[in-house]
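# let's see this in three dimensions:
(2 chains)
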Amino acid sequence: MGNADLARIFNQVADLLEIKGEDRFRVNSYRNVARTIADLEEDACELLAAGKLKDIRGIGKGTLEKITQYCREGRIDLHAELLASVPEGLPALLKIPGLGPKKVQLMWERLNVCCLEDLKAAIASGALAGLPGMGAKSVERIRAGIEFLERGAGRTPLGVAWPLAQGLAEALKAAAGLDRVEIAGSLRRGRETIGDVDLLCASDDGPRVIEAFCDLPQVTRVLARGDTKGSVLVRTELGTELQVDLRVVPPASFGAALAYFTGSKEHNIRLRELALRRKWRLNEYGLFEGDRLIAGQDEESIYRALGLCFIPPELREDRGEIERTAELAGLLDPADIRGDLHVHSTYSDGANTIREMALAARRRGYAYIAICDHSRSQVIANGMPAERLLEQIEEIRKVNRTLDGITILSGCECDILSDGRLDFPDEVLARCDFVVASIHSGLRGDRATVTARTLRAMQNPYVTAIGHPTGRKIGEREAMDIDIEEVIRAAARTHTALEVNASWQRLDLKDTHVELARAAGVRLTINTDAHSAEQLGMMEYGVRTARRGWAEKGSVVNTLELDDLKAWIAVKRTGRQQGGRHEE
DNA sequence: GCCGTTTTCGGCCCGACTGTTTTCAGTCG
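Purely as a prediction, here's the structure:
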């Protein structure tokens, strides 16, 4: 039950209708419904009960009836009928590159292919090659597609794909003598994982650029090679394969192409609709009135011509950005970050000393850094007993005296114990400038337990922030079953910041939770949780995640200058002294 | 199925590449 389940059902309806050869606009409409429901912040059935669901764009009369049935009976007739008329394993075949609804339908009708195993058998027996429109190359492409999927080539984390794409862009620039190669697609939008990499460059000699691209040493296989478009596979540091597409466009069209290939697809459709209303046409070559180019050299000119201000790539998800452009002015900028408030040193499991971390932070232009090493319970991470934390505070004081241009704050990452108590006593926490409280154990506890643990920790006056609040590790483990809305309300009440952990394995809070927190007036702290000086560079992933959640400079505490940051931290501590008004 | 400043019907985003097609359909992004 719930939005995720409902979205899954509508997606499956779309898949099944597509295989049955239904009108593609009707199919699209169901996909749109699925996406809209998956993005909802509130439970669809609660919205329905409150009469608010019908006002949401993309949800019409028919869908409303289906959702009503779902909320009442837990099922949808259309979905059940479709499942009964089409083999269950068929929609999964659509995931295979090179296979679309038409071919899947053909295989089902002519060869009774109902699942992946049937398809493999049909390839092996040569039956597949006997179908009309199915030559040797098509069969080989499908076979390779199955292999690709089975190698586990799923989505690639942002922090793996971004440096890889930058490396490719630089290599292509050098190999083809180009001034500009841009990363587009979901990678430019800063999504936490990406399916493939899209690169874009401007040149009047497409074939030559595509040739240079396909010949890059990183390329392990060429999938397609045209005059303006090439598609290759490269190997990632995780050992997986990643598809990289390159498009070459004329310089006059560069902005239009960048917008087009940055997406999202849904955002682009909204832009095209705006163009159509003015009887214009928008494609990857520009914005046109008849044959006359109105805009296209840069993205800004296109947004301006459509009556919009520039929408940053991170927000191009059709989650209201077209209508909410007035809110864009205060959006957090990477340059706003003044420090990193959660990094580790050799006092626990970090690779670099306090001094080395501070110097690296200074090189990044920061004004401050908070050393937050693990507390005693994190034995596996060389967690510190209280005495060692006090020694560390002394050392930080000494190092601070020897350094100009950066201030080191004494912090700790204090474990939240199983009952919500903290791993250091209050009198020790009081000696710290900044306290991140995190859950590292019992992550599979039930919703009530993990939520209560977090809430209890927030009530402590010395807890400045909650670290990685949901505990997820992307592609590795699910988030805790925690009531994030309750955590957000408590954070607002107790003057506690919530962390956006910038490590690409975490990115937690995630974008939609950032938006909830911002709306509730909760302050965020974007920290790298760096375990080495090099990892301070992960800050950009956290900033982009926060931007995807509409975070403004004013809602992020580590954009404050040091004195203002100290004053902000003091509010919670002194509030308690003045009568415990933060106590529950 | 959804939607409306060309409105309650008739549209719905648009182009590149591939393969098997002899003029285009299917797939993809």
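# let's test this: name the helix or strand in chain A with the lowest mean pLDDT.
Lowest by mean pLDDT, DSSP states H and E among the helices and strands of chain A is helix A:136-150, with a mean of 83.
# what's the first helix or strand after that helix?
strand A:156-157 (DSSP states H and E).
# for whichever strand or helix holds A:D564, buried residues please.
According to DSSP H and E, A:D564 maps onto helix A:562-577. For helix A:562-577, burial by neighbour count (16 or more other C-beta atoms under 10 Å) applies to A:565, A:569, A:572, A:575-576. For glycine as for every other residue, the C-beta is placed from the backbone atoms N, C-alpha and C.
# now do stretch A:87-101
Those would be A:87, A:90-91, A:93, A:96, A:98-99, A:101, for stretch A:87-101 by 16+ other C-beta under 10 Å.
# can you give me the helices for the stretch 351-500 of chain A?
Along the stretch 351-500 of chain A, counting by DSSP state H, counting those that start in this stretch, helices occupy A:354-363, A:386-402, A:426-429, A:447-459, A:484-494.
# doesn't A:A224 lie inside a strand?
Yes - under DSSP: H, G, I helix; E, B strand; the rest coil, A:A224 sits within a strand.
# can you get me a residue count around it?
A:A224 has 11 neighbouring residues, counting by other C-beta atoms under 10 Å.
# quick one: contacts for it?
By C-beta atoms under 8 Å, 6 or more residues apart in numbering, the contact list for A:A224 reads A:230-231.
# for beta bridges, what are the partners of it?
Beta-bridge partners of A:A224, counted by DSSP bridges, are A:S231.
# who does the helix or strand hosting A:A80 touch, helix- and strand-wise?
A:A80 is part of helix A:77-85, with elements assigned from DSSP H and E. Counting contacts by 3 or more C-beta pairs under 8 Å, 6 or more residues apart in numbering; DSSP states H and E, helix A:77-85 is packed against helix A:3-19, helix A:61-73.
# phi and psi next, for the one residue in chain A that gets nearest to DNA strand B.
Nearest to DNA strand B in chain A, going by C-beta to the nearest atom of the strand, is A:G135, at a distance of 1.5 Å. Dihedral pair for A:G135: phi -100, psi -170, per degrees, to the nearest 10.
# and the pLDDT for the most centrally placed residue in chain A?
The centre of chain A sits closest to A:E192, judged by C-alpha atoms, centre = their mean, with a distance of 2.7 Å. On pLDDT, A:E192 comes in at 91.
# picking that back up, can you tell me which of the helices and strands packed on helix A:77-85 has the worst average pLDDT?
Between the helices and strands packed on helix A:77-85, the one with the least mean pLDDT is helix A:3-19; it has a mean of 88.
# same for the helix or strand just after it, what does it pack against?
The C-terminal neighbour of helix A:3-19 among helices and strands, as given by DSSP H and E, is helix A:24-39. Helices and strands touching helix A:24-39, by 3+ C-beta pairs under 8 Å, 6+ apart, are helix A:3-19.
# how about residues contacting the helix holding A:A80?
Taking C-beta under 8 Å, 6+ apart as the rule, helix A:77-85 contacts A:9, A:12-13, A:16-17, A:20, A:66, A:69.
# taking those residues, please make a PyMOL selection of just the buried ones.
Of the contacts of helix A:77-85, the buried ones go into a single PyMOL selection, burial set by 16+ other C-beta under 10 Å:
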select buried, chain A and resi 9+12+13+16+17+66
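# let's have the buried residues of stretch A:87-101 in TSV, adding pLDDT.
What follows is these, written out as TSV (pLDDT from 0 to 100):
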residue	pLDDT
A:P87	87
A:L90	86
A:P91	85
A:L93	88
A:I96	84
A:G98	81
A:L99	86
A:P101	86
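# and those residues, which two are the farthest apart?
With C-beta to C-beta as the measure, no two of the buried residues of stretch A:87-101 lie farther apart than A:P87 and A:G98, at 20.0 Å.
# what sits against the residue nearest to the centre of chain A?
A:157-158, A:474, A:504, A:507, A:510-511, A:545.
# how about A:I56?
A:36, A:40, A:47.
# what's the burial count for A:Q218?
With other C-beta under 10 Å as criterion, A:Q218 counts 14.
# which residue packs closest to it, ignoring adjacent ones?
A:V234 (4.8 Å; C-beta to C-beta, 6 or more residues apart in numbering).
# which non-adjacent residue is nearest A:Y368?
Closest to A:Y368 by C-beta to C-beta, 6+ apart is A:G339, at 3.9 Å.
# try A:T353
Residue nearest to A:T353 in three dimensions, not counting chain neighbours: A:T346, with 5.4 Å by C-beta to C-beta, 6+ apart.
# wait, is the one you found part of a strand?
No - A:T346 is assigned coil when assessed by three-state DSSP, not a strand.
# nearest spatial neighbour of A:I482, skipping sequence neighbours?
A:V450 (4.8 Å).
# ok, the one you found - contacts?
A:V450 touches A:439, A:442-443, A:480-482, counting by C-beta under 8 Å, 6+ apart.
# with A:E478 instead?
A:R472.
# next one: the one 4 residues further on
With contact set as C-beta under 8 Å, 6+ apart, A:I482 has these partners: A:447, A:450-451, A:454, A:469-471.
# pLDDT wise, what is A:G177 at?
For A:G177, the model assigns a pLDDT of 88.
# for it, what are phi and psi?
phi 60, psi 40.
# show me where the stretch 401-550 of chain A has strands.
A:407-415, A:434-438, A:465-466, A:497-501, A:524-527 (DSSP state E, counting those that start in this stretch).
# only alpha carbons, please: show the second one as CSV.
Output of strand A:434-438 as CSV, limited to C-alpha atoms (Å, rounded to 0.1, in the frame of the first residue of the first chain):
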residue,chain,number,x,y,z
PHE,A,434,29.4,21.5,17.4
VAL,A,435,27.8,18.2,18.0
VAL,A,436,26.5,15.9,15.2
ALA,A,437,24.3,13.1,16.6
SER,A,438,24.0,10.0,14.4
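# before we move on, back to that, C-terminal to the helix holding A:A80, what's the next element?
Counting by DSSP H and E, the element after helix A:77-85 in chain order, helix or strand, is helix A:101-111.
# just want the angle from that next one to helix A:136-150.
For helix A:101-111 against helix A:136-150, the angle by axes from the mean of the first three to the mean of the last three C-alpha atoms, to 10 degrees is 100 degrees.
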